[in-house]
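Q: Have a look; sequence and predicted model below, questions after that.
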Amino acid sequence: HNLTRLFTLNILPSGLYVDNILRELRRELKEECDYTLEAAKLQKYKELLERDPELSLFKTPTLIPELSTKSVLTMTFVQGTPVNRLEAEGLPQDVRDRV
């Protein structure tokens, strides 16, 4: 409702299709909160990293499917460097682009 209020106060540029923007935001939020979908994405990303010898040094958590549901995502803990710190760690740009 706060976002709708911003649009009605004419703070944002004219010509924006408020209904379309709000619809897309709701869709994306709903998708982000679907942990079954997130689990599938986690598995796919893990498989892609493991298939590429150059990227196999990167580790992702392992999904624990028997403890995961649409509203709970359970995975192992992996100690490491967050993706957004790879540049500071000195990885070449081409490797960072592929990750």
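A: Perfect, I can see it now.
Q: what residue ranges in this protein score low on pLDDT?
A: Residue ranges of the chain with pLDDT under 70: 1-16.
Q: ok, now which ones touch the closest residue to Gly80 other than its chain neighbours?
A: Ranked by Cβ to Cβ, 6 or more residues apart in numbering and with sequence neighbours excluded, the top spatial neighbour of Gly80 is Lys59, at 6.2 Å. To be clear about C-beta, it is placed using only N, CA and C from the backbone, and glycine gets the same treatment. Neighbouring residues of Lys59 by Cβ atoms under 8 Å, 6 or more residues apart in numbering: 49, 78, 80.
Q: run the last query once more with 10 Å
A: Contact analysis of Lys59 by Cβ atoms under 10 Å, 6 or more residues apart in numbering lists 46, 49-50, 76, 78-80.
Q: Return the list of helices and strands in contact with the stretch of helix or strand Lys46 belongs to.
A: Counting by DSSP states H and E, the element that carries Lys46 is helix 35-51. If contacts are counted by 3 or more Cβ pairs under 10 Å, 6 or more residues apart in numbering; DSSP states H and E, helix 35-51 sits against helix 18-32.
Q: so how far is the helix it packs on from its chain's centroid?
A: 16 Å (Cα atoms, centre = their mean, to the nearest Å).
Q: what are the C-alpha coordinates of that helix, in CSV please?
A: These are the backbone C-alpha positions of helix 18-32, laid out as CSV (Å, rounded to 0.1, in the frame of the first residue of the first chain):
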residue,chain,number,x,y,z
VAL,A,18,1.4,1.6,-11.9
ASP,A,19,-0.9,-1.5,-12.2
ASN,A,20,1.7,-3.3,-14.3
ILE,A,21,4.5,-2.5,-12.0
LEU,A,22,2.6,-3.5,-8.9
ARG,A,23,1.4,-6.8,-10.6
GLU,A,24,5.0,-7.6,-11.5
LEU,A,25,6.3,-6.8,-8.0
ARG,A,26,3.7,-9.1,-6.5
ARG,A,27,4.5,-11.9,-8.9
GLU,A,28,8.2,-11.7,-8.2
LEU,A,29,7.7,-11.5,-4.4
LYS,A,30,5.4,-14.6,-4.6
GLU,A,31,8.0,-16.4,-6.6
GLU,A,32,10.8,-15.4,-4.2
